[in-house]
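S.K.: kindly generate the corresponding structure for this input.
(one chain, ligands or ions: 2)
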Amino acid sequence: MVDRVGVIGAGYVGLTTAACLTHLGHDVLCIDSDQSKVDELGQGEVAIAEPGLTELVRDGLICGRLRFSTAMNGLAAVDVVLLCLPTPKGEGGEADVRILEEVVATLPGLLAPGCVVVTKSTVPVGTGNRLAELLRDAGLPVVGNPEFLREGHAVEDFLRPDRIVLGASEEDQAAAERVAALYGETDAPVWFTDPSSAELAKYASNAFLALKLSYVNILAELCEHHGADIRDVGRLIGLDSRIGPAFLRPGPGWGGSCLPKDTAALLRTAERAGVDFGMLRDAMKANARQQAAVVRKIRLAITGTPDGSLAGVRIGLLGLAFKAGTGDLRDSPALAIARELARSGAVLTGYDPGVESAEPDVVQVVDDPYLVAKDAEALVVLTEWPEFRELDWTRLAAAAERAVVVDTRNLLDPAAVGEAGFSHTRLGIDGHGPGGAR
Ligand SMILES: NC(=O)c1ccc[n+]([C@@H]2O[C@H](COP(=O)([O-])OP(=O)(O)OC[C@H]3O[C@@H](n4cnc5c(N)ncnc54)[C@H](O)[C@@H]3O)[C@@H](O)[C@H]2O)c1
Ligand SMILES: O=c1ccn([C@@H]2O[C@H](COP(=O)(O)OP(=O)(O)O[C@H]3O[C@H](CO)[C@@H](O)[C@H](O)[C@H]3O)[C@@H](O)[C@H]2O)c(=O)[nH]1
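M.R.: Ligands and ions are numbered 1, 2, ... in the order given. The predicted model follows:
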């Protein structure tokens, strides 16, 4: 069945949702309060780099089933409206749902009775029940449908998700069925549950990933103390089907627009409920320590001591985004490390295939990876873009003042950087065993 769908918010989640639902045959009106974004999208210009997204947006515009607007009144004609609004980190760590609540408060005056209101934003447990109560008198059923897409894989994850979660009260089950039908034929398990379970499942999923990552980052440190290799340790624990191989690569810390804010929000939820979720607090602390440890490694590689001065030292950064495949700088560990290096007096140049500009007082962004090496005393790989492996390391060595590379993603080919004369610092690989020199 073709539905007339409204999507509010045209960011990573909203634009992907709008474009993919159009692709699945629906008629979609996508609303955003940002006039310039709406104008650009109406011209088929997509500012975020997501494989396949621009094509889907343009296909939708051409066939006339995808429209963009800032005007909410067009929503009067839709059967389902999906809320894809920001829920940023508020004071004390909890999710700030004010934008969402302000928009929801306007819906009874805008939507036709029977229109299904769907929360795709990540919202704290209890939000769905509260919204359902608020909208019941207006005859608007509410369904929670948390989104699990990853940046850089947004379209693929939306169209082929691991699961579709629908959280609704007993009386809104028919509405939940209607939302499930939006996705058409799918191989994914479609799971109907209550609103609170759907909300908690979303936070629990991100928090579990964060726990796994902090675990592997600490293991990498332990590997260094014992001369072990984190790649082998990760592979060997990942072969246990109960653990699985994903999310076992150490790095400069986990970041992005979701994991940091969602772990903080879940911790706050637990604190409010009087539930001790100390392991989550520890994982967050370990993440902050990881970024500090990387800064110490960089100091050590350049000055020979973990506390050495970086005043006036030129450092080239390869990668600024929080992970490869995106230009997103929100809560990027790479940028946090850059800030710390800049605070210590280092002079930074950075290149990232997805990033055109960052914080000018921290790092000068260039559009050529070889420029970051110019007169640098060290290169630091902070984001795992595969193309960094393919760089001409002899050329980089020639441009640099000193051939020193700190590879916080264990990405580079040791033979290629070694042959070019670089000293190569990695995470959890090159330790010297107990009592060895560090
Ligand atoms: N980014 C992800 O990978 C991802 C994945 C799953 C879930 N989520 C969750 O989805 C939600 C949205 O995240 P996002 O990354 O898409 O955010 P985003 O910041 O990329 O996009 C939000 C959009 O909402 C618009 N907006 C803000 N206020 C508005 C208003 N009052 N009316 C209309 N539009 C308004 C903004 O202009 C922006 O375009 C959050 O709750 C997030 O936690 C994000
Ligand atoms: O082995 C690994 C895997 C990931 N990371 C880091 O972990 C962070 C998070 O990566 P990822 O989860 O891929 O980022 P997001 O695109 O923010 O996606 C997460 O957050 C989204 C928003 O809630 C969810 O929808 C997704 O399911 C969830 O994976 C990044 O800094 C990565 O560099 C590592 O350091 N090592």
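
S.K.: look up how far Arg150 lies from the spatially most central residue of the chain.
M.R.: Relative to the mean C-alpha position of the chain, the nearest C-alpha, by Cα atoms, centre = their mean, is the one of Gly256, at 3.8 Å. For Gly256, the distance to Arg150 (Cβ to Cβ, to the nearest Å) stands at 9 Å. All C-beta atoms are positioned from the backbone trio N, CA, C, and that covers glycine.

S.K.: kindly report the same for Asp375.
M.R.: From Asp375 to Arg150 the distance is 37 Å (Cβ to Cβ).

S.K.: before we move on, what about Lys261?
M.R.: Counting by Cβ to Cβ, the gap from Lys261 to Arg150 is 15 Å.

S.K.: and those two? which has more neighbours close in?
M.R.: Between Lys261 and Arg150, counting by other Cβ atoms under 10 Å, Lys261 is the more crowded of the two (23 against 14).

S.K.: ok, the helix or strand encompassing that one near ligand 1 or not?
M.R.: Element membership of Lys261, judged by DSSP states H and E, is helix 259-273. No - on the criterion Cβ under 6 Å from any ligand atom, helix 259-273 is out of touch with ligand 1, staying 6.7 Å away.

S.K.: that helix close to ligand 2?
M.R.: Yes - using Cβ under 6 Å from any ligand atom as the criterion, contacts between helix 259-273 and ligand 2 involve Leu259, Asp262.

S.K.: what's next to that helix, contact-wise?
M.R.: Taking Cβ atoms under 8 Å, 6 or more residues apart in numbering as the criterion, the residues outside helix 259-273 that touch it are 87-89, 92-95, 122, 124-125, 202-204, 206-207, 209-210, 213, 254, 276-277, 280-281, 283-284, 287, 331.

S.K.: so which of these reach ligand 1?
M.R.: Applying Cβ under 6 Å from any ligand atom to these, one finds that Thr87, Thr122 fall near ligand 1.

S.K.: and the closest residue to ligand 1 within the stretch 301-438 of the chain, what does it touch?
M.R.: Residue nearest to ligand 1 within the stretch 301-438 of the chain: Asp328 (7.6 Å; Cβ to the nearest ligand atom). Residues in contact with Asp328 (Cβ under 8 Å, 6+ apart) are Tyr12, Ile48, Glu151, Gly256, Ser257, Ala321, Phe322, Gly354.

S.K.: OK, contacts around the residue lying closest to the second one once chain neighbours are set aside?
M.R.: What sits nearest to Ile48 in space, not counting adjacent residues and going by Cβ to Cβ, 6 or more residues apart in numbering, is Tyr12, at 6.2 Å. Tyr12 sits next to Ile48, Glu50, Leu149, Glu151, Ala154, Ser257, Asp328 when contact means Cβ under 8 Å, 6+ apart.

S.K.: domain-wise, how is this structure divided?
M.R.: According to automatic domain parsing, the chain comprises the domains 4-193, 229-438.

S.K.: can you redo those as a markdown table with distance to Leu222 and mean pLDDT?
M.R.: Shown next, in a markdown table, are the domains of the chain (distance: least, Cβ to Cβ, whole Å; pLDDT from 0 to 100):
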| stretch | distance to Leu222 | mean pLDDT |
| --- | --- | --- |
| domain 4-193 | 28 | 97 |
| domain 229-438 | 8 | 96 |
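
S.K.: any chance of CSV for the ones you listed, columns distance to Ile218?
M.R.: What follows is these, written out as CSV (distance: least, Cβ to Cβ, whole Å):
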stretch, distance to Ile218
domain 4-193, 22
domain 229-438, 6
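
S.K.: so which of those domains is nearest Ala220?
M.R.: Each of those was checked against Ala220 via Cβ to Cβ, and the shortest separation belongs to domain 229-438, namely 2.8 Å.

S.K.: if we can go back for a sec, from the contacts of helix 259-273, which land in helices?
M.R.: 202-204, 206-207, 209-210, 213, 280-281, 283-284, 287 (DSSP state H).

S.K.: now those: which count as buried?
M.R.: In the ones in helices among the contacts of helix 259-273, burial by neighbour count holds for Lys202, Tyr203, Asn206, Ala207, Leu209, Ala210, Leu213, Leu280, Ala283, Met284, Asn287, counting by 16 or more other Cβ atoms under 10 Å.

S.K.: the third one against Cys258, yeah?
M.R.: Yes - with contacts counted by Cβ atoms under 8 Å, Asn206 reaches Cys258, the gap being 5.7 Å.

S.K.: and the helices in the stretch 101-250 of the chain?
M.R.: Taking DSSP state H, counting those that start in this stretch to define them, one finds helices in the stretch 101-250 of the chain at 127-136, 154-159, 173-182, 195-226, 230-238.

S.K.: one step back: what's the distance between the residue nearest to Ile48 and Val155?
M.R.: From Tyr12 to Val155 the distance is 11 Å (Cβ to Cβ).

S.K.: quick check: neighbours shared by these two?
M.R.: Both Tyr12 and Val155 are in contact with Glu50, where contact means Cβ under 8 Å, 6+ apart.

S.K.: point me to the residue of the stretch 1-150 of the chain nearest ligand 2.
M.R.: Closest to ligand 2 within the stretch 1-150 of the chain is Arg150: 3.8 Å, counting by Cβ to the nearest ligand atom.

S.K.: pull the number of nearby residues for the closest residue to that residue other than its chain neighbours.
M.R.: In space, not counting the residues next to it along the chain, Arg150 is nearest to Asp157; the distance is 5.7 Å by Cβ to Cβ, 6+ apart. Counted with other Cβ under 10 Å, the burial measure for Asp157 works out to 18 neighbours.
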